[in-house]
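1. sequence plus predicted model, see below.
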Amino acid sequence: MQIYLPIAELSMNLFFLVGMGGAVGFLSGLFGVGGGFLLTPLLIFSGVPASVAVASVTGQVVAASTSGALSYYRRGQIDLHLASYLISASVFGAFFGVWAFQALRASGQLDLVISVGFLVLLGSVGSLMLTESLGAILRRRAGTLAPGHLPNQHNWFHGLPFRTRFKKSKLYISVLPVLALGLGIGFVGSLLGIGGGFILVPALVYLLRVPGNMVIGTSLVQVVAMMAATTVLHAVSSQSVDILLAFCLMVGGTVGAQFGASAGKYLRGEQLRALLALLVLAVAIRFGLTLVLTPNDVFSTAVVAAGGVI
């Protein structure tokens, strides 16, 4: 069943889109991360223009993260004080990200920057995750345990000026690293169409030393607010949000996440991280190939105006 996507200006199979959303939703539920960093590349590989893929996935990420955030809020596992600093900085960063998105799109360099960005980001994160998870698996088989990071252990930047007490997380740290983290994730998330949860969660645990029971919920609240702002900014400034595309992905993602969460109960944490790392590296390698291989069609039929590619 073919449907026409008005903003993407192409026809795609409805069941393929719902199935793609379901597959990414399954992986999101299985690994406990947002699916934007997987869904955006899959849409690009399927022929959706990069600008439309980035802008449309933001709406899907908002819908997928909202239910999880509400669940954690009801359980009291969200530090709203900490989240408010992350949200304010990430929304500010999203403005710069959308501005850079517009500038790169006008200059015709958006596709290249998105490919390089995903290659560097996913390649580095995937390599670190794979190294850590394989080390954990080997230590478990050898019967040794690695020393853990205690929540009350501070890094040097925790003592920077403007220290604030976050009672829910039992922290008394500088807000400067918190704001810097939010700003960076907001910029990258709006430019590449990712929620940033797979970056924010490890950063909250290993850098800010946020207690584990507060990490996921606080991250989800930040992702919802940041990506909602990003969706509005993209819709107003670039008109690249395809509502029909986002809706199809939302339907599949909502169902798939439920099955993924159930399947995740049967695998150990280090096994899940290793599988996720391999998946992330596979996507990074795919982007790397697009940068070095000659495309099937080396010519473009895009209309060039004075301000750039239309």
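-> Everything's here; your move. Owing to the predicted nature of the structure, the values given are computational and were not obtained by experimental measurement.
2. excluding chain neighbours, what is closest to Ala229?
-> In this structure, Ala229 finds its nearest non-sequential neighbour in Val91, 4.7 Å apart by C-beta to C-beta, 6 or more residues apart in numbering. (Glycine included, C-beta is placed from N, CA and C.)
3. quick one: residues contacting the one you found.
-> Gly186, Ala225, Met226, Ala229 (C-beta atoms under 8 Å, 6 or more residues apart in numbering).
4. from those, which is closest to Thr66?
-> Closest approach between the contacts of Val91 and Thr66, by C-beta to C-beta: Ala225, at 10.3 Å.
5. burial count for that closest one?
-> 22 (other C-beta atoms under 10 Å).
6. from Gly186, how far out is it?
-> 10 Å (C-beta to C-beta, to the nearest Å).
7. and the strands in the stretch 201-310 of the chain?
-> 304-305, 308-309 (DSSP state E, counting those that start in this stretch).
8. avg pLDDT for the last one?
-> Model confidence over strand 308-309, given as mean pLDDT, is 46.
9. could you identify the most distant pair in the contacts of Val91?
-> Of all pairs in the contacts of Val91, the most separated under C-beta to C-beta is Gly186 and Ala225 at 9.8 Å.
10. what do these two both touch?
-> Ser90, Val91.
11. so how far is stretch 47-65 from its chain's centroid?
-> 11 Å (C-alpha atoms, centre = their mean, to the nearest Å).
12. what's the answer for stretch 274-287, then?
-> On C-alpha atoms, centre = their mean, the centre of stretch 274-287 falls 14 Å from that of its chain.
13. mark which of the contacts of Val91 are part of helices, please.
-> Members of the contacts of Val91 lying in helices (criterion: DSSP state H): Gly186, Ala225, Met226, Ala229.
14. element containing Gly182?
-> helix 175-192 (DSSP states H and E).
15. quick one: mean pLDDT over that helix.
-> 85.
16. in that helix, which residues are buried?
-> 175, 177-179, 181-192 (16 or more other C-beta atoms under 10 Å).
17. still on that earlier bit, what would the ones in helices among the contacts of Val91 look like in a markdown table with distance to Gly117?
-> Listed next are the ones in helices among the contacts of Val91 as a markdown table, based on distance: C-beta to C-beta, whole Å:
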| residue | distance to Gly117 |
| --- | --- |
| Gly186 | 15 |
| Ala225 | 22 |
| Met226 | 17 |
| Ala229 | 20 |
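18. which regions of the stretch 151-300 of the chain lie under the pLDDT threshold?
-> Residue ranges of the stretch 151-300 of the chain with pLDDT under 70: 151-161, 212, 257-258, 260-273, 293-300.
19. got the contact list for Leu17?
-> Leu17 neighbours (C-beta under 8 Å, 6+ apart): Ile3, Leu245, Cys248, Leu249, Gly252.
20. and the second one, how far is that from Val205?
-> Distance, Leu245 to Val205, using C-beta to C-beta: 34 Å.
21. neighbour count: these two, which is higher?
-> For the pair Leu245 and Val205, the greater number of neighbours falls to Leu245 (27 against 17), based on other C-beta under 10 Å.
22. and the more buried one, how far from Ser56?
-> On the measure of C-beta to C-beta, Leu245 and Ser56 end up 5 Å apart.
23. ok, now Met12?
-> Following C-beta to C-beta, the distance that separates Met12 from Ser56 is 12 Å.
24. what does Ala8 give?
-> 8 Å.
25. cool, and Glu9?
-> For Glu9 relative to Ser56 (C-beta to C-beta), the value is 13 Å.
26. ditto for Asn13
-> To Ser56, Asn13 is 17 Å away according to C-beta to C-beta.
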